[in-house]
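Enquirer: Here is my input, please return the structure:
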Amino acid sequence: MRLTEYLQTTFPGLVLKPGCFHQWKYGLHVELGRDHYPYKENGALNLTYFEKVYQQSLSIFHLLFHEKDEMFLVSNIYGTQKSRIKPKAKIFDRYLKGKEMRYKVELDTLPIWNEVEPASFHISQFSVKCLKKDLAYPLLIKAACNEDFPLKPRFGKGNRPYYPDVYFINVTRNLIFFIYDDRGCEIFAADLQSLHSLKEENELKGILQP
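Expert: All right, here's what the predicted structure looks like:
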């Protein structure tokens, strides 16, 4: 099953693009690094803050994805028709462990995603079906958290207006995990019962509580 078929069947009407949290009613927003700040008083990066953000993001990932769960790794690349898009080398080649997996990456092109961008603006959405073990997910999660800071690993955007977005989709449990940057992440469940079950997980409770 391709990504588009899966989403149409399990998350009908949901399009993985900026603002998708408001498209789906069974979602949970999680604030990362609460009560900590990315910069110290002297202007230096607060590495303790980033370690906390990494740890929380990784804990949520382990909670949502088990070793044998089937999943999609999805990457949105934002640009125009004239953009030279080579995202597989920068994202999939770096964070997919097996070379054979890179030949399974599929591409869909989504149209303009808001009223502000020009009509030529579009999303190149790359996806691959995989297992947790196929991903260098600790580095991938760090890169998503480091988006706005001079830390490594980090996604590059080249001459494109926005950084790539990366979504983790659990096909077995019908869950979607999206880290938008160091400030937080979003979790989507296919139904209300699954969302309630997630909220009762002690590990997630510890992150959600102030």
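Enquirer: rest of the way, CA atoms for contacts and neighbours
Expert: Fine.
Enquirer: got a list of what the residue nearest to residue 21 when sequence neighbours are not counted touches?
Expert: Nearest residue to residue 21 in three dimensions, chain neighbours excluded: residue 27, at 6.8 Å (C-alpha to C-alpha, 6 or more residues apart in numbering). Neighbouring residues of residue 27 by C-alpha atoms under 8 Å, 6 or more residues apart in numbering: 21, 186-189, 195.
Enquirer: what about 7 Å?
Expert: For residue 27, the contacting residues are 21, 186-189, by C-alpha atoms under 7 Å, 6 or more residues apart in numbering.
Enquirer: Check which helices and strands the longest helix seen in the chain is in contact with.
Expert: The residue-count maximum for a helix in the chain (DSSP state H) belongs to helix 47-64. Here helix 47-64 touches no other helix or strand, going by 3 or more C-alpha pairs under 7 Å, 6 or more residues apart in numbering; DSSP states H and E.
Enquirer: How about it, which residues are buried there?
Expert: By neighbour count on 16 or more other C-alpha atoms under 10 Å, the buried set for helix 47-64 is 49-50, 52-58, 60-61, 64.
Enquirer: May I have it as PDB, with CA atoms only?
Expert: What follows is helix 47-64 as a C-alpha-only set of coordinates in PDB (Å, rounded to 0.1, in the frame of the first residue of the first chain):
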ATOM      1  CA  LEU A  47      23.000  22.300  25.500                       C
ATOM      2  CA  THR A  48      21.200  21.100  28.600                       C
ATOM      3  CA  TYR A  49      18.000  22.300  27.100                       C
ATOM      4  CA  PHE A  50      18.700  20.400  23.800                       C
ATOM      5  CA  GLU A  51      19.600  17.200  25.600                       C
ATOM      6  CA  LYS A  52      16.200  17.400  27.400                       C
ATOM      7  CA  VAL A  53      14.400  18.000  24.100                       C
ATOM      8  CA  TYR A  54      16.300  15.000  22.400                       C
ATOM      9  CA  GLN A  55      15.500  12.700  25.400                       C
ATOM     10  CA  GLN A  56      11.800  13.600  25.400                       C
ATOM     11  CA  SER A  57      11.400  13.200  21.600                       C
ATOM     12  CA  LEU A  58      13.200   9.900  21.600                       C
ATOM     13  CA  SER A  59      11.100   8.600  24.600                       C
ATOM     14  CA  ILE A  60       7.900   9.500  22.700                       C
ATOM     15  CA  PHE A  61       9.200   7.800  19.500                       C
ATOM     16  CA  HIS A  62       9.900   4.600  21.500                       C
ATOM     17  CA  LEU A  63       6.500   4.800  23.000                       C
ATOM     18  CA  LEU A  64       4.800   5.100  19.600                       C
END
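Enquirer: circling back: quick check, nearest of the buried residues of helix 47-64 to residue 98?
Expert: residue 61 (20.6 Å; C-alpha to C-alpha).
Enquirer: so after the helix-or-strand element of the chain with minimal mean pLDDT, what's the next helix or strand?
Expert: Least confident helix or strand, the chain: helix 87 with a mean of 49, by mean pLDDT, DSSP states H and E. As assigned by DSSP states H and E, the chain's next helix or strand after helix 87 is helix 93-95.
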